Every structure is written in C-alpha cells, then in structure tokens.
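Trainee: this one's structure only:
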Ligand SMILES: Nc1ncnc2c1ncn2[C@@H]1O[C@H](COP(=O)(O)OP(=O)(O)OP(=O)(O)O)[C@@H](O)[C@H]1O
Ligand SMILES: [Mg+2]
C-alpha cells in the first residue's frame with residue numbers, strides 16, 4: 001500500500017501539488033484523472049522519486065520512502081514507466097527487455113571475464129524470460145524488430161514489458177493511451193488487468209481516456225489545481241458535481257444554456273446533457 005500524506009511540490013511560488021493525500025491499495029488498479037495541469041504527473045514524479053517533494057510524506061507498506069531515488073524505489077518494486085530512451089530504439093524488442101537493469105547480474109567486465117559460463121546461462125534465462133514477456137503481451141511477432149520501428153501502442157506494451165523483467169510490485173503509468181489506437185489500447189488494458197489479476201501487480205494509472213479508466217480502474221482519484229478533489233468508483237466520480245465543474249468550468253453550463261436558447265428559438269433539440277460528454281473526452285478542461 002502506498003500512502004501519500006499532505007504532499008506539496010512547489011515550483012517557485014507555484015503549487016503544482018498543493019497538499020495531496022492519497023492511498024493506493026495493494027492489488028488495486030487505481031486511476032488518477034484530472035484536467036491538464038492538475039498536478040497528476042508531478043504527483044507521480046514525486047512518488048516515484050523523480051522529483052523531491054517540497055513537503056509531505058510517501059509511505060510504502062509502512063516504510064517511509066519519501067525522497068528515495070528512482071533506482072532505490074526500483075529495487076523495492078516501485079516502477080514508473082518512461083518513454084523508451086532514444087538509444088534503445090536501434091536495439092531489437094527482445095534486446096530491450098534483456099537490457100532491463102536488475103534483470104541480470106553479469107554486466108561488469110571483470111564479472112564477464114570470470115564467469116563466462118554463468119553469464120551465457122544467465123543470458124539464456126533472460127532470453128527465455130523476455131520471450132515469455134512478449135508472449136504474455138501478445139507481441140511475440142515483433143521480438144526481432146528494432147524497437148524504433150514499433151507503433152506507439154506497441155512501444156507502450158514494451159514499456160510495460162520492461163516492468164515484467166523485474167519483480168515489479170507497483171507500477172505507475174502516465175498516459176498509457178496517449179497516441180495509441182483503440183485496438184492496441186484494448187490490448188494494453190487487457191495486459192494491465194491480467195498483470196493485476198494473475199501476477200498481483202498494483203497499478204496507478206493516469207489517463208485522459210475515460211472509457212479506459214472506467215473499464216480498468218477502481219478507485220479513481222480526481223485531482224484539480226494540485227489538490228485531490230474526489231475519490232471513488234468511476235461511475236460515482238463521473239456524476240460528481242465538483243468533478244464535472246473542475247473539468248468543464250462553466251463551459252458546459254454555457255453550452256447547455258446556449259443550446260436551450262437555440263431550442264427555444266428553433267424548437268429543435270440538440271440533446272446536450274450535463275455530464276462528462278465529448279468535451280470531457282477531449283479533456284481540455286480549464287485549470288482549477
Ligand atoms: N518543472 C516544472 N517547473 C515549473 N512548473 C512546472 C514544472 N512541472 C510542472 N509544472 C507545472 O505544474 C502544473 C502541473 O503539471 P503536471 O504536469 O503535474 O500536470 P498534469 O496533471 O500531469 O497535466 P497533463 O494532464 O497536462 O499532463 C502545471 O501548471 C505545470 O505547468
Ligand atoms: Mg501529465
């Protein structure tokens with residue numbers, strides 16, 4: 001379980017995260033949503049050790065992990081996926097998986113010289129593990145493809161695959177769906193659910209696609225202007241007035257009012273409903 005207590009991260013005088021407290025239960029797929037600039041990625045980065053908090057605490061299974069470096073958290077099984085580094089794009093998909101730090105022990109030159117036999121054996125084991133990961137993610141057919149040639153969605157699956165090469169316990173995914181087509185987004189969603197159910201992964205997922213969040217996540221945490229606005233099931237969140245307000249500001253109300261006015265004049269219905277409709281799907285919500 002991850003507990004975040006009254007977390008602040010300020011940039012100069014700007015409060016990107018302004019006193020957020022959240023709990024990510026072990027075994028959950030927790031969603032984190034909110035308008036652009038709400039502080040979601042900043043919160044992720046503080047939890048994952050990429051940014052130091054201005055104040056507040058992060059506790060993992062009772063242990064204070066506030067301010068630990070990403071590699072220290074990595075060894076505790078807390079991983080945040082990043083876009084594939086540029087230098088990895090010319091390596092094959094399988095090689096990318098085999099390169100995951102912590103998945104192998106024989107990386108130093110002295111080790112390599114002293115323990116050649118063991119390393120060959122280890123490499124075989126790594127290769128086997130990488131192939132299992134690719135099979136699990138249903139992308140075995142691109143094992144020998146250069147990672148740089150993968151589609152956006154396949155790259156996301158590869159990022160997820162990298163977490164499977166080590167014993168990840170909790171994985172933070174920032175906008176897995178960005179630039180990914182529907183079909184692959186479905187595959188990514190399936191992989192997340194299976195990793196959760198079959199391998200006990202805990203996930204915390206930032207995503208703007210509400211269908212994706214609704215299908216996968218329980219609970220869903222909503223942030224706006226650096227604060228936690230609401231937490232609950234996806235359906236309860238979508239009916240929450242404050243949440244709708246945070247996303248749409250007065251935009252939706254104005255739209256509804258305008259359409260009602262048009263309706264009065266023309267007698268035609270445009271069917272606008274207050275709720276998280278198309279406007280929310282695009283999530284161009286105003287800050288705070
Ligand atoms: N390094 C930084 N320096 C200054 N301001 C920053 C920095 N990082 C983030 N911010 C600001 O903090 C606020 C929150 O940013 P953050 O990236 O956490 O939002 P977000 O919720 O992830 O938004 P999005 O949905 O657009 O990704 C934004 O106004 C952003 O401009
Ligand atoms: Mg972000």
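Mentor: That came through fine. Just so it is clear, the structure is predicted and the values come from calculations on it, not from any experiment. Ligands and ions are numbered 1, 2, ... in the order given.
Trainee: Pretty sure residue 52 sits against residue 45.
Mentor: No - assessed by Cβ atoms under 8 Å, residue 52 is found out of contact with residue 45, at 9.6 Å. From N, CA and C alone the C-beta is placed, and that goes for glycine too.
Trainee: the more surrounded of those two?
Mentor: residue 45 (20 against 12; other Cβ atoms under 10 Å).
Trainee: which SS class is the spatially closest residue to that one that is not a sequence neighbour?
Mentor: Counting by Cβ to Cβ, 6 or more residues apart in numbering, residue 45 lies nearest to residue 51, which is 4.3 Å off, once chain neighbours are set aside. Following DSSP: H, G, I helix; E, B strand; the rest coil, we place residue 51 in the coil state.
Trainee: For residue 160, see how far away the residue nearest to residue 89 when sequence neighbours are not counted is.
Mentor: Leaving aside its chain neighbours, residue 89 sits nearest to residue 148 (3.0 Å; criterion: Cβ to Cβ, 6+ apart). Going from residue 148 to residue 160 by Cβ to Cβ, to the nearest Å gives 18 Å.
Trainee: Same question for the one helix or strand residue 195 maps to: list its buried residues.
Mentor: Using DSSP states H and E, residue 195 sits within helix 182-199. For helix 182-199, the neighbour count (16 or more other Cβ atoms under 10 Å) marks 184-185, 187-189, 191-192, 195-196 as buried.
Trainee: mind checking how far the helix or strand just after it is from the chain centre?
Mentor: Downstream of helix 182-199, the next assigned helix or strand under DSSP H and E is strand 202-206. With Cα atoms, centre = their mean, to the nearest Å as the basis, strand 202-206 stands 5 Å off its chain's centre.
Trainee: Next, find the distance separating the residue nearest to residue 89 from residue 126.
Mentor: When residue 148 is compared with residue 126 (using Cβ to Cβ), they lie 21 Å apart.
Trainee: These two: which is more packed in?
Mentor: Legend: neighbour count by other Cβ under 10 Å for residue 148 and residue 126, higher for residue 126 (20 against 12).
Trainee: Output the below-cut-off pLDDT ranges for the chain.
Mentor: 82-87, 101-116, 248-288 (pLDDT under 70).
Trainee: Find the centremost residue of it, please.
Mentor: Most central in the chain under Cα atoms, centre = their mean is residue 173, positioned 1.7 Å from the mean C-alpha point.
Trainee: burial of the residue lying closest to that one once chain neighbours are set aside, as a residue count?
Mentor: Spatially, and ignoring its direct neighbours in sequence, residue 173 is nearest to residue 205 (4.8 Å; Cβ to Cβ, 6+ apart). Neighbour count of residue 205, defined by other Cβ under 10 Å: 23.
Trainee: repeat for the one 5 residues further on
Mentor: Counted with other Cβ under 10 Å, the burial measure for residue 210 works out to 19 neighbours.
Trainee: before we move on, what about residue 144?
Mentor: Neighbours of residue 144 under the rule other Cβ under 10 Å: 9.
Trainee: Got the phi and psi for it?
Mentor: phi -100, psi 10 (degrees, to the nearest 10).
Trainee: quick one: it and residue 127, what's the gap?
Mentor: 12 Å.
Trainee: shared neighbours of these two, anything?
Mentor: Counting by Cβ atoms under 8 Å, 6 or more residues apart in numbering, the residues touching both residue 144 and residue 127 are residue 94.
Trainee: coming back round to it: so how far is residue 39 from the residue nearest to residue 45?
Mentor: 11 Å.
Trainee: ok, now which ones touch residue 204?
Mentor: For residue 204, the contact set (Cβ under 8 Å, 6+ apart) comprises 2, 24, 30-32, 44, 47, 170-173.
Trainee: who does it bridge with?
Mentor: Judged by DSSP bridges, the bridge partners of residue 204 are residue 30, residue 172.
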